[in-house]
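Student: Pasting the sequence and the predicted coordinates here, then a few questions.
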Amino acid sequence: MKEERLAVQGRGRSSVLAGTTSKATPIDAIEVVGESRFRTGIGEFDRVLGGGVIPGSVILIGGDPGIGKTTLLLQALPGLASNGDKVLYVSGEESPGQMKMRGQRLGVHHPVLYILAETSLEEILKTVQELRPVAIVVDSIQTVHTDQITSAPGSISQVQEVAGQLMGFAKRSGVPVFIIGHVTKEGAIAGPRLLEHIVDTVLYFEGDKGHTYRILRAVKNRFGSTNEIGVFEMKESGLEEVNNPSELFLAERPEQSTGSVVVSSLEGSRPILIELQALVSPTGYAMPKRVANGVEINRVSLLLAVMEKRLGLHLSGQDVYVNVVGGMRIDEPAIDLGIVTAVTSSLRERPIDHGTVVLGELGLGGEVRAISQAELRIREAAKMGFRRCLLPERNLAKLDTIDGMELVGIREVGEALEAALA
């Protein structure tokens, strides 16, 4: 336990909307000003933000150390500068010389990009008033402190106060502020949860350091869609956007391999085809192992129970491993039928046709339930060269004919296995 003294006077959040009136207004009488967005020049980044950066917005970006947060913002920041406008990168962790070396490696040479190595919020805001940039990056909020709070930088009260004052500045000036936040070992942004409530947009940078790609995911966005993702590939010269993620994730898919199936996951407004693999082998332990990478382990256990009860498959003596190729994480139930099909394929040593994609949610009774945006997923599969699709019968009844694609309606899980493993 540590005692912290809070200075009540002069708190920045009390004047966030200084100069505005607080009169109640009927919603029909409120005038909507046309929405204007700044483009960063990085299409995948703009997609996740909802089409660009809103003036006066505060954007929080979190991710594991070394995942590419600084790299992304260094590449995106000059794109916000136009007509000679200045942009400011505030670094509390690296010196200007280190930032210069990083910029040279990334090929970022821009005369309007200014670097400030400072951790005092008051000094940062003083520099901002003198420089008048059109966009600001604060890296990271855990290193910045304000003199109004006596506690150490990174403490709950410091992070909360600094975020509140940055929000107030952004709303008054119309300057967008990007905040980089450290994450805990569980992957959540360190500090009070209030930090995510204060800001307008929360982005998470995901990815495995063993893979070259990175996923930028929006979990909160007041000005756009949530659960939208952007896909990047990490190269020596920095992050490069991937315009066709399906092609990337299916590039190394083996042919005539058991336990391999292609599913379609809907990330925001974008369908992505992903290879799902399963491996079933006799166990050498008293309790069989259940390992899942990229999907929820409890969901896999539930589907295995349905397979034993409804299909009569004996999996109690088998170790089951499920993997989403490429390190993607899928949370939606539309891949249930794909998991069951892949596990059965590995158990029976029968490969699934290379040109087949499997869609569908599985109920506890073994029934295959309808999924959302089925047509969008199927058209993406047809574009990637797939010629056969197993999908819920209810979705099939609402679809028109898709050129070059054979659609097979499935009512219950047994029919799916007969069609996929025929």
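Tutor: In hand now; what should we look at?
Student: And for the helix or strand of the chain with the lowest mean pLDDT, what's in contact with it?
Tutor: The helix or strand of the chain with the lowest confidence, counting by mean pLDDT, DSSP states H and E, is helix 245-249 at a mean of 84. Defining contact as CB atoms under 8 Å, 6 or more residues apart in numbering, one finds that helix 245-249 is touched by 213, 231, 233, 242, 270-275, 325-326, 328, 380, 384. (C-beta placed from N, C-alpha, C; glycine too.)
Student: ok, 7 Å please
Tutor: Contacts with helix 245-249, where a contact means CB atoms under 7 Å, 6 or more residues apart in numbering, come from 213, 231, 242, 272-275, 325-326, 328, 380, 384.
Student: Stretch 129-140 now?
Tutor: 70, 73, 77, 80-81, 85-93, 114, 128, 144, 166, 175-182.
Student: First-to-last residue distance for that stretch?
Tutor: 20 Å (CA to CA, to the nearest Å).
Student: From the chain's centroid, how far away is that stretch?
Tutor: Here the centre of mass of C-alpha atoms in stretch 129-140, compared against the chain's by CA atoms, centre = their mean, to the nearest Å, lies 25 Å away.
Student: Name the residues of it that are buried.
Tutor: 133-140 (16 or more other CB atoms under 10 Å).
Student: So which of those residues sits lowest on pLDDT?
Tutor: pLDDT across those is at its lowest for S140, which sits at 84.
Student: Distance check, that residue against L49.
Tutor: Per CB to CB, to the nearest Å, S140 is found 20 Å from L49.
Student: quick one: low-confidence ranges for the protein?
Tutor: Residue ranges of the chain with pLDDT under 70: 2-22, 32-35, 208-210, 422.
Student: which helix of it spans the most residues?
Tutor: Across the chain, the longest stretch assigned as helix under DSSP state H is helix 156-173.
Student: Could I get the buried residue list for that helix?
Tutor: Across helix 156-173, burial judged by 16+ other CB under 10 Å covers 157-171, 173.
Student: Could you give the number of residues near P245?
Tutor: 25 (other CB atoms under 10 Å).
Student: hmm, back to that, from the contacts of stretch 129-140, which land in helices?
Tutor: 70, 73, 128, 166.
Student: what's the spacing between the closest residue to V144 other than its chain neighbours and I124?
Tutor: Nearest non-adjacent residue to V144, counting by CB to CB, 6 or more residues apart in numbering: V162, 5.0 Å away. For V162, the distance to I124 equals 9 Å [CB to CB].
Student: In TSV, list the ones in helices among the contacts of stretch 129-140 along with distance to H314.
Tutor: Formatted as TSV, the ones in helices among the contacts of stretch 129-140 follow (distance: CB to CB, whole Å):
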residue	distance to H314
T70	52
L73	53
V128	67
L166	59
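Student: Which neighbouring elements make contact with the longest strand seen in the chain?
Tutor: Criterion DSSP state E: the longest strand present in the chain is strand 270-282. Counting contacts by 3 or more CB pairs under 7 Å, 6 or more residues apart in numbering; DSSP states H and E, strand 270-282 packs against helix 245-249, strand 260-267, strand 318-324, helix 336-348, helix 374-383.
Student: Mind checking these for the one nearest to S120?
Tutor: strand 260-267 (39.6 Å; CB to CB).
Student: How about residues contacting the closest one?
Tutor: With CB under 7 Å, 6+ apart as the criterion, strand 260-267 contacts 227-229, 250, 253-254, 271-277, 330, 332, 335, 338, 341-342, 345, 352, 357-359, 372-373, 377, 380-381.
Student: Give me the buried entries from the residues you listed.
Tutor: For the contacts of strand 260-267, buried by 16+ other CB under 10 Å: 227-229, 250, 271-277, 330, 332, 335, 338, 341-342, 345, 352, 357-359, 377, 380-381.
Student: How about the contacts made by the residue positioned nearest the centre of the chain?
Tutor: With distances taken as CA atoms, centre = their mean, the residue of the chain nearest its centroid is R217 (1.6 Å). R217 sits next to 203-204, 206, 229 when contact means CB under 7 Å, 6+ apart.
Student: Which helix or strand contains it?
Tutor: Assigned by DSSP states H and E, R217 belongs to strand 213-221.
Student: buried sites along that strand?
Tutor: Within strand 213-221, judged by 16+ other CB under 10 Å, the buried ones are 213-218, 221.
Student: As CSV, the residues you listed with distance to R394 would be great.
Tutor: Output for the buried residues of strand 213-221, formatted as CSV (distance: CB to CB, whole Å):
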residue, distance to R394
Y213, 34
R214, 36
I215, 31
L216, 34
R217, 29
A218, 30
N221, 31
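Student: Nearest residue to L88 in space, ignoring adjacent ones along the chain?
Tutor: Spatially, and ignoring its direct neighbours in sequence, L88 is nearest to P133 (4.1 Å; CB to CB, 6+ apart).
Student: just A342 next, same as before
Tutor: Nearest residue to A342 in three dimensions, chain neighbours excluded: A278, at 3.7 Å (CB to CB, 6+ apart).
Student: Likewise for V219?
Tutor: Excluding the flanking residues, the one nearest V219 by CB to CB, 6+ apart is V202, at 5.2 Å.
Student: swap in E122?
Tutor: D147 (5.9 Å).
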